[in-house]
Structures are given as C-alpha cells and as structure tokens.
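[1] Build the 3D model from these lines:
(chains A and B)
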2 protein chains.
Amino acid sequence: MSSDVSSIAAASYGLMTSEAETDFVHHIALFAALLCACIVIGHLLEESRWINESITALAIGLGTGIVILLTSGGKSSHVLEFKQEFFFIYLLPPIIFNAGFQVKKKQFFQNFTTISSFGAIGTLISFAVISFGATRLFPKLGIGYLDTKDYLALGAIFSATDSVCTLQVLNQEETPLLYSLVFGEGVVNDATSVVLFNAITKFDLSDMNTVIAIKFAGNFLSLFVFSTFLGVLVGLLCSFTIRTLYFGRNSTDREVSLMILMAYLSYVLAEVFGLSGILTVFFCGIVMSHYAWHNVTINSQVTTKHAFATMSFISEIFIFMYVGMDALDVEKWKFVNDSPRKSFGASAVLLGLMMVGRACSVFPISLISNLTTKSNANKIEFKQQVTVWWSGLMRGAVSVALAYKKFTGSDEQTMQPANALLITSTIIVVLFSTVVFGLLTKPIIKFLLPRSSHTQPSSPNSIMMPLMGNRQVVEETGEDETLTTTTSNLHMLFNNPTNTIHYYWRKFDDAFMRPLFGGRGFVSYVTGTREVALV
Amino acid sequence: MSSDVSSIAAASYGLMTSEAETDFVHHIALFAALLCACIVIGHLLEESRWINESITALAIGLGTGIVILLTSGGKSSHVLEFKQEFFFIYLLPPIIFNAGFQVKKKQFFQNFTTISSFGAIGTLISFAVISFGATRLFPKLGIGYLDTKDYLALGAIFSATDSVCTLQVLNQEETPLLYSLVFGEGVVNDATSVVLFNAITKFDLSDMNTVIAIKFAGNFLSLFVFSTFLGVLVGLLCSFTIRTLYFGRNSTDREVSLMILMAYLSYVLAEVFGLSGILTVFFCGIVMSHYAWHNVTINSQVTTKHAFATMSFISEIFIFMYVGMDALDVEKWKFVNDSPRKSFGASAVLLGLMMVGRACSVFPISLISNLTTKSNANKIEFKQQVTVWWSGLMRGAVSVALAYKKFTGSDEQTMQPANALLITSTIIVVLFSTVVFGLLTKPIIKFLLPRSSHTQPSSPNSIMMPLMGNRQVVEETGEDETLTTTTSNLHMLFNNPTNTIHYYWRKFDDAFMRPLFGGRGFVSYVTGTREVALV
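    Got it, this is the predicted structure:
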C-alpha cells in the first residue's frame, strides 16, 4: 500500500489539472463553434461581395469579446489566450505554404522582375518610410520612449500587406497581369517583411553605423538566399522521394501525408537553422506544386490542392477572430488608459505613413518597370498602379503575428506602456484597414477598372462537369503550359527580352529537372496508363 | 529537456523561455523528420506485406529512443513528452472520426446486430474476464497494491483492440462479411472500451454493491445513448447547413472547413457535456458520410475522403512512434527496476487474459449469431471465427492513450510504483502484440482462408482511370446502393428477417431524411446540372 498522504496529494493535484483541462476543452469548443459561425455567416454575407470572411471573423471576434467582457465582469475578453509562438508554429506556415503552392507559376515567373521589385524593393521602401516617419512623428505625440530597434520593427510590421481583399474583387481572366502582380507581390512582401523583422530582432542596432548597416544588409541577403535554397531543397527532395517510391501506386494517403509533413519539416528546419521559415515554406510550396504535385495520383492532386487551401483558410479566419477578441483585452488597454489619445494618434500616424510609403514604392517602381518593358501588354497603366497601391493598404495576419512576437511574450513585457501602446495601435490599424479599406475596395476597383467587376471570378469548381472533374482541375490548377510550350517561348523571347531568363530556365527545367523530379508532361499520362495496367 | 506541447495551447498557464522555445522547435523538426522516415520506410517494407506502418513506427521510435538514451547519457529517451490530453484532444478524434466516415454503411447496418454484439457485448465480456483474471492473478505475482478501480480500468484498457493489421490482410471483395465484421467490430469496440473506461474513472467503485452496479450500468448506457445522439445531431446539422447554404456553389474550401470543424466540434462538445467524444465523433462521421458528403462538390468529396484518412494515418503512426520511444523511458523503468520480473509477469498475464477473454466473447457470440441467422451466406464459419478472434488480439493507440490517461498525468502519479508498473506493462503488451501477433497475422490468415491472400486488396485508386477518376471514387466510396435498392431490400426482407429494421430504416431515410439532409441520389446529379448551368 502506498502512503495515503501522497495519494491524496496526487489526487488533489490531478483534480486541479483536470479542472484546467475541462476549462481548456470548453474554450476549444467555443472557438470551434465560433469558427463554424464565421464560415456560415461569412458565406451568407458574401452575396453582397462587400464583406468578406476577414471582416466577418473580426466582427464575430469583437462580438464574442464584448459578451465575455460583460459576463466576466470586465476581467477578460479572451476565450483562449495564445502565445505568439502559436501563430508562428501553427498558423502562419499553412497560410504561406498554400500561397506558394497555389501561385500561378507561369505568370509569377514571367513577371518575376516586376513582382520581386514590388515585393522586395517596395517592401524595403515602405519599411524605410514607416520607420523614418515614426521616428520623427511619434515624439511629437508624446511617445518618445521607443528605441531604434522598436522603430525599425514597427517599419517591418507595417510593411507586411494583406491583399486578400483586393484579390477577391479582381478578375483573373480579365486582368491577368494585374492579378498576378497583386498576388505575387503579396507573397513576396510577406516573406520580405518577416525576414526583415527577424534580421532586426537579431541584430544589435542600438548605435547604427555604416559597418553595422552593411552587416545587416548582408545578413538580410544571406537569410533570403539560404532560406530560399532550403525550401527548394526540401521541395525537390519530396518530389524525388514521391517520384521514386510511389510512382503509379495506390497510395494517396501516404503521398498527401508526405507532402504535408515535408512542407512542415522545411519550415521547422529553417527555424532550427536560424533562417526564415516563411520564405523556406513558400519556396517549398512552389517547388512541390511544380514537381511533386505531378508525381502523385489524381486523387492526391485534388486532395492536396483543397486540403492546403482549407488549412490556410481556417488559419486565417482564426487569426482575424483572435484579433477581434484581442481588441478588447482589458489588460492592454489598462496601460494606455491614461492616454488613449496617444494610441489613436499613433494609429493614425501609422496609417498615414503606410499610405505614403506605399505610394513611394508603387509609382516609382511601376515607372521603371514600364520604361524597361517594350511590350504594351505588360505595361502597367496608371489606374492599375492605383489598384496595386490600394491593394497594399490592408494589414492582416502577418502584421498581427509579428507585433505579438515583438511586443508581447512575457506578461512583464505586455505590461510595459510602450509595448501595450504598440499592440493596441497594431490592433487598431488592422481593424481599421481591414474593415474600412476592405469595404471601400469593391467600389474603388469598380471605379478604376469598370469592366472587371461585372463578372464574378469563377473558381475551377463552377465550370466542372461531374465526369470531367479531375481532368479539368488538373488543367486549371497546373501551370498554364500547353504542348506548344517551345514555340510560345521562342515567340516570347523575340517580343520580350526580359523573359530570356524564364526561357532558359524552362529549357533547363525540361532537359534536367523534370526528368529527375517529375513534372507536368513527364509523369501524369504514364501514371494513368500504369494504373490502368495494374487492374 | 523535453517540452510539453499542450502547454503551447494552454499558453496562459505557463511561461516559456525562448530557450525552451528553440528546444521545442528542434524537437518538432526531429519528430516531423521521423514521421517522414516512417512513411518512406514503411512503404519500402510494405512490399513484403509482413510488416506494416505500425511496426515500422514502433521500430523507428525504439531506435530513436536508444540513440537519444545513449547521447543524453541515459537521462531521457524522449524527443517530445506529451501529456495524456494531447492524445485525447488531438490524436484520437481524427482516427475515430475517419473510422466512422469510411465505414461501409450498407454492410455495417446490414450486419448491425452481429457487429454490435461483437463490439459492445464482446468488449464487455473481455473487460469482465481481464478485470476478474487480473484481480485473481496479480496478487500471486506480488502485485497486491492495486484497488478495484485499477483492475476495472485495466480491463477497459485491454479490451480496446486494434484490428488494422488484420484488415490489411483481409480481402474485402472475397470475404465481405468477414471484412465488415472485423472492421465494424473494431470501431464499436474502440467506442465501447472508451465509454466503459470513462464510466469507471468517474464512478466511485471502492465498495461495490448491487445499487452501485445498477447505477454504473445505467450511467454506461446513458453515456452510450446520449453520445450517439449528439454525434447524429451535429452530423445532421452539418449536412443541413451545407445543403441549405452551399448547394451547387463553388465553395470547396469552405465545405471542407465546415466538415472538419463541425466534426471536431462534436467531439469537444461531447467532452464538455461529460459524454464520450469518441462515440460522438464516430457517429458524426457516419452521418456526415451518409448525408453531408453527398451535398458537397466532387472536389470536396475527394478531398474530405483523403484528407480525413491522411489525418488519421498521421495520428496513428505518431502514436506508435511515441510508444516506441516511451518504451525506453528511464523514469518509468527506474520504478520497476527492483522487480522487472513483475512487469514482464504482469504483461504475460494480461496477454493470456486477452486471449481467453477474446475467446469467451467471439465463439459464443458467433454461435448465437449463427443460430439466429437463417441465410447460409451470413453464417460465420469456424475458420472465420478464429480469424475474428485473432484480429482482436492486437493492442494499439486506444489502449496506450487510455493507459496514459489513467496512470500518468502528474509526475508524482507516474512515480508511484503501481502506475509505473502498469504503464510499462501496457507498453510491453502493445509492443509484443503489435510486433509478434502482427507479424504472425499474414501466415495465420493465409492458412485459415487460403484464397484471400492471393490477391492484394485493391484500393479505389488502383482501378482509377484518369478521366473517370472522380466518378469512380464516388461510386466506390459511397454506399453500395444501386437503383434497384427497393427490390433488393424486399428480397432481403424475405430471405433474412433480421434485416427488417434496416429495410424500414431505408424507407424512412428515403422518404424523410434524404430529402431534408441530402444524400445519395438526392443531390449529386442536380448539383452537376446546376454547376454546368452556371457556366
């Protein structure tokens, strides 16, 4: 017999944990129910096309926050409280991986120069404008207690755009260039701002000089290069493994498992090596959809395409709902209570800087891009420039995650007035830009590009006939190459010299990469016949 | 060293230093890499068909445990240490939901009486035999410090079978009755043992008398009924929502999200109400695949089918790998160090009791089933009875999860000799039964049912032609009803009176349920034409 005292102690300890456990299950249940409500209500409101899931999730989060605030007697507005790691370990990877996986690679790589200018250089310009502006304007609001690192972090946090809202309104068929610019810029922008943010938090930038600046730039560049390299490597490894092992077999679940696990592996490996997981998982997604996706069964293709999109979708509404709830967190507001004016002032300044910074990047880069482009079809008209500018004014999941990472973490940290101020300002900026700018997006784009808002963007499903389902999906989701690839590439080469890199890449890809790692035209038909032959 | 996953989710309870965070990321990376290795190696070994993923995962877990044990200087064998809640909140729900979702409903409900006899009554018999046997035999081994509750819990833990290994060998086309018996029994068994386990841990059974026994039985039955009811309710709600909202629209990602979230919601709701989440999510899966699955787009059908199977697959190899690592946990062995003989003795006793208990349930129930069945085709031959008996000898994920829940939790609890002994015994039983019985399964079934091992079981993918892919999947994964449903049912009614309930249910289903909640024949073709009409 073990001693009674110790077993009683163990029992009471067990009781305590099981109570906390029950609480936790309650909260998960409420969260799951709210996420379901977001999807259903978001769908019902979507009829109008003025409101999207982000706004719905924010509103439901706010509503729940108010209810909890009232029922808990003003103590808490949270259902669940997450640490910032939760966003980075679980929620961001699926969003970014899916962006890489679903990107239309042909348009992406054809407009690679413009997209990467907007995404990388544009983000750096925004970053510089916001950081510099905040350094100058914040002290005038009486917020003088931030150091250089805080200002630089602010710049990085608020250069991460969220272009989902604009993409919902743009029509990919009518304005392919514009769509691919906005989409491509969005993902490169996410990656750039996260890499920038990481470089800033790692570096000691307290006394800035030329040597440190050069070192910082070198660090930023090497992060960029190595992260990309790791993502490509894991993606290729996955493609090669699937091609070698599962070729033509009935192993959908294993293929899907392997793709999910290796994508996630690329992310955590990057974090282990101190690289940018976001950039790594983005390129891993691109490589997987370019090679691995063509090596798997058709069922796996449909499943991965939609399963990844679903995970990304759930993660996004999760983040927006959390922001809605967090907006009412009493703890944070308590610390800016003596000066709520400061918080709103800071938000207004940041919103203004975002608009200016965005203008400083979009219009000059468009000008340069137009000057270097000979073909008229690839020139960016002024109205399109305004659309691109507008599409980058919303702030979303990435900004929130970065702000949480920087300004919360430990309770002591949250309770510093400066951090509380910056968190509340971030929440105000995200709320305001998502709701107000988000609601204005449709009318503005309707005004700028009259044609594009008449027809609704059609997704692959809507034009799918039951019997042709899969094939159709394969045609639509894959890259848009046809069998006349070579001719069209030659055509492009003569018309548009900036596509030369793309042309040589394609030659290299067809000659060396695809035969080794699989890819469109190198696998799918063979798989088909082998499967039939196995029956 | 080891980090705690659930603390990330329940973040408000503890503080995590950035060092612990880095450690955590390292461990996740290693775990993800090991899971990938399991899939790849499991596939390579599968050629032989003697070894399956469970055994591979166990072996890799053991191997990693040894390496960590050596490199850490004998301190730890863990990569990650999980609380028992982790299994119940994250890993078990996908496994059980998938079982419900993929069950062949026609066979399941036609043989409902036999399956539920095997699954529910058989599990209760096993439970009684193991509990009673352990109460008598354990004191003889010198293990006298367990109370009634521990013995009953042991009975429940070791009545949860794992029939995956047998299912991999059986051929669904050649022995449909046997396959559906083994599969159906497996899932009902899981649910029964978990409900039983929960009833035991909740009840104060220290001084057992008739009143308490009746109360306990009443509690068990009401848990069963209400859990089933909740699962059916949430499943119907999901079907109705999707049918009403998304009918014929292009919203694959939302449909999939809603199905995943509502399935999970059913599970956590059941836990909130003190019901059995396992049973709830199982019936939610059945109802969803019967109604909701037919209301969604074809892409959603393919995606849900494989995404759920993938989640279940990953969860299972995760658990087996964890068991492999945990087998070498020095902490637990330290406490049985003075008497390793006891631990092995207890395992041997439990294995013996499992075999006897299984025999006491399978053969009598088969006899009764044969006596009440008039049609010869539905009689269970002796060799088939032996196969059913054998299929229930393996122990797996559910046993492990239950044992962790009962015998670990707090450190103090694990360090009690009795608990350490029972955990190590559980691990030995699971290891031994999975590896030894698992490896013997193929030769034994080959001997008992000579025909069934010649052809490999074919999954839907293998007989899929690219252009017909989806339709084929729809035909195969849905129930096997044809347009001659009514005639075949009448035929069945006259031949086999036990099917009367099934017949009336089908009439009711066709007349009231399907028109309201959707279902095969009531939705898919209409959806097709509407989608085409929308183009």
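[2] I'd say A:Phe112 and A:Ser369 touch.
    No. The pair A:Phe112 and A:Ser369 fails to qualify as a contact (C-beta atoms under 8 Å) at a distance of 11.7 Å. Yep, even glycine has a C-beta here, placed from its N, CA and C like the rest.
[3] okay, the two: which has more neighbours?
    A:Ser369 (21 against 18; other C-beta atoms under 10 Å in any protein chain shown).
[4] could you say what helices and strands the host helix or strand of A:Lys149 packs with?
    Using DSSP states H and E, the element containing A:Lys149 is helix A:148-157. Packing contacts for helix A:148-157, counted by 3 or more C-beta pairs under 8 Å, 6 or more residues apart in numbering or on different chains; DSSP states H and E, involve helix A:122-137, helix A:176-202, helix A:397-407, helix A:417-432.
[5] Which positions within that helix qualify as buried?
    A:150-157 (16 or more other C-beta atoms under 10 Å in any protein chain shown).
[6] average pLDDT across it?
    Helix A:148-157 shows a mean pLDDT of 88.
[7] For it, give me every contacting residue.
    A:126-132, A:134-135, A:138, A:146, A:193, A:196-197, A:200-201, A:205-206, A:208, A:350, A:399, A:402-403, A:406, A:418, A:422, A:426 (C-beta atoms under 8 Å, 6 or more residues apart in numbering or on different chains).
[8] now do 7 Å
    The contact list for helix A:148-157, computed with C-beta atoms under 7 Å, 6 or more residues apart in numbering or on different chains, reads A:127-128, A:130-131, A:134-135, A:193, A:196-197, A:200-201, A:205-206, A:208, A:399, A:402-403, A:406, A:422, A:426.
[9] Please apply the same query to stretch A:191-211.
    Everything outside stretch A:191-211 that qualifies as a contact, by C-beta under 7 Å, 6+ apart, is A:119-120, A:123, A:127, A:147-149, A:152-153, A:156-157, A:159-160, A:212, A:216, A:219-220, A:223-224, A:227, A:276, A:278-279, A:282, A:398, A:402, A:406.
[10] How about A:Met288: what's its closest non-neighbour residue?
    Excluding the flanking residues, the one nearest A:Met288 by C-beta to C-beta, 6 or more residues apart in numbering or on different chains is A:Gly235, at 4.8 Å.
[11] can you give me how far the host helix or strand of that neighbour is from the chain middle?
    Using DSSP H and E, A:Gly235 falls within helix A:210-245. Computed by C-alpha atoms, centre = their mean, to the nearest Å, the chain-centroid distance of helix A:210-245 equals 18 Å.
[12] Below-threshold pLDDT in the stretch 101-250 of chain A: ranges please.
    A:144, A:164-165, A:168-169, A:171-173, A:205-208, A:246-250 (pLDDT under 70).
[13] one more time with 90
    A:101-121, A:137-153, A:160-225, A:242-250 (pLDDT under 90).
[14] Could you dump the helices and strands packed on helix A:148-157 into CSV and include mean neighbour count and distance to B:Ala32?
    As requested, these are arranged in CSV below (neighbours: other C-beta atoms under 10 Å in any protein chain shown; distance: least, C-beta to C-beta, whole Å):
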stretch, mean neighbour count, distance to B:Ala32
helix A:122-137, 21, 30
helix A:176-202, 24, 20
helix A:397-407, 25, 21
helix A:417-432, 23, 31
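[15] So for B:Tyr503, which of those helices sits nearest?
    Between B:Tyr503 and the helices and strands packed on helix A:148-157, the shortest gap by C-beta to C-beta is with helix A:397-407, which sits at 52.6 Å.
[16] Remind me what that closest one packs against, helices and strands.
    helix A:84-86, helix A:148-157, helix A:176-202, helix A:298-326, helix A:417-432 (3 or more C-beta pairs under 7 Å, 6 or more residues apart in numbering or on different chains; DSSP states H and E).
[17] close to chain B, is stretch A:96-106?
    No. Figure legend: stretch A:96-106 not in contact with chain B (C-beta under 7 Å from any C-beta of the partner chain); closest approach 9.9 Å.
[18] contact partners of that stretch?
    By C-beta under 7 Å, 6+ apart, stretch A:96-106 touches A:180, A:183-184, A:187, A:190, A:263, A:278, A:281-286, A:288-290, A:308-309, A:311-312, A:479-481.
[19] and if you look at stretch A:224-238?
    A:195, A:258-259, A:262, A:265-266, A:269-270, A:275-276, A:279-284, A:287-288, A:291-292, A:517.
[20] Try it again at 8 Å.
    A:195, A:258-259, A:262-263, A:265-266, A:269-270, A:273, A:275-288, A:290-292, A:517.
[21] Show me the shaky parts of the stretch 401-535 of chain A.
    Counting by pLDDT under 90, the low-confidence segments of the stretch 401-535 of chain A come to A:401-428, A:430-535.
[22] ok, 80 please
    A:407-420, A:442, A:449-503, A:519-535 (pLDDT under 80).
[23] who in the stretch 251-400 of chain A is up against chain B?
    Contacts of the stretch 251-400 of chain A with chain B, taken as C-beta under 8 Å from any C-beta of the partner chain, map to A:251-254, A:256-258, A:260-262, A:264-265, A:268-269, A:271-272, A:297-300, A:302-303, A:305-307, A:309-310, A:313-314.
[24] A:Ala217 and A:Val188: what is the separation?
    18 Å (C-beta to C-beta, to the nearest Å).
[25] do the same with A:Lys379
    To A:Val188, A:Lys379 is 21 Å away according to C-beta to C-beta.
[26] Please apply the same query to A:Phe432.
    25 Å.
[27] element containing the residue nearest the centre of chain A?
    Centroid-nearest residue in chain A: A:Ile96, 4.5 Å away (criterion: C-alpha atoms, centre = their mean). In this structure, A:Ile96 sits in helix A:92-102 according to DSSP H and E.
[28] tell me how far the helix holding A:Lys149 is from the chain's mean position?
    With C-alpha atoms, centre = their mean as the basis, the mean position of helix A:148-157 lies at 20 Å from the chain mean.
[29] What angle do helix A:417-432 and it make with each other?
    10 degrees (axes from the mean of the first three to the mean of the last three C-alpha atoms, to 10 degrees).
[30] can you give me the angle helix A:148-157 makes with helix A:210-245?
    Using the same axes, to 10 degrees, helix A:148-157 lies at 40 degrees relative to helix A:210-245.
[31] what angle do helix A:148-157 and helix A:397-407 make?
    Using the same axes, to 10 degrees: helix A:148-157 against helix A:397-407 is 170 degrees.
[32] Just the CA atoms of helix A:148-157, as CSV, please.
    Output of helix A:148-157 as CSV, limited to C-alpha atoms (Å, rounded to 0.1, in the frame of the first residue of the first chain):
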residue,chain,number,x,y,z
THR,A,148,15.8,52.5,-32.8
LYS,A,149,15.0,48.8,-32.7
ASP,A,150,11.4,49.4,-31.9
TYR,A,151,11.0,51.9,-34.8
LEU,A,152,12.7,49.5,-37.2
ALA,A,153,10.4,46.7,-36.0
LEU,A,154,7.4,48.9,-36.5
GLY,A,155,8.5,49.6,-40.0
ALA,A,156,8.8,45.8,-40.7
ILE,A,157,5.5,45.0,-39.0
